[in-house]
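Student: test case, fold it:
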Amino acid sequence: MARKRLIIEMGMGIDQHGQDPTVAAARAVRNAIANNALPGVWEVAGLSHPNEMIVEVQVAVPYPEKVRQQEVLAVVPFGRKSLTVEQGGMVVQGRAIPELNDKNDEMLIAVAAVTVLVEN
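Tutor: Model prediction:
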């Protein structure tokens, strides 16, 4: 079956304290999908349930090898989900605060693109 892109949403996420690329990546995905509704899934594409959507998530983040992929995908509530994680994003010098369990002064910034596709 041919796949057609219905929507692409972009987002950014930051972990200011904790230096966890999974947190930054999950926040980027959440930011990408936070303010949308997809009535076209039913009204245009004719799907009967949101789990019929194909959701491809792409995240660029520092330290991609440390990303816990299932935690990032858990942010997406519906669909047949996949995740691609690649090197990218940004590391910015912040301020280490011991009470927040900082390992160093890095703030991790991730960017995400979430693509919803339908088969026809």
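Student: which of the three states applies to residue 108?
Tutor: Put simply, residue 108 is strand when judged by DSSP: H, G, I helix; E, B strand; the rest coil.
Student: mind pulling up the pLDDT for residue 69?
Tutor: Residue 69 carries a pLDDT value of 97.
Student: contacts only, for it.
Tutor: 83, 85 (CB atoms under 8 Å, 6 or more residues apart in numbering). Yep, even glycine has a C-beta here, placed from its N, CA and C like the rest.
Student: now swap in residue 1 and tell me
Tutor: 119, 120.
Student: can you do 10 Å?
Tutor: Contact analysis of residue 1 by CB atoms under 10 Å, 6 or more residues apart in numbering lists 118, 119, 120.
Student: where's the dip in pLDDT among those?
Tutor: residue 120 (77).
Student: neighbour-wise, which of the contacts of residue 1 leads?
Tutor: Neighbour tally across the contacts of residue 1 (other CB atoms under 10 Å): the maximum, 20 neighbours, falls on residue 118.
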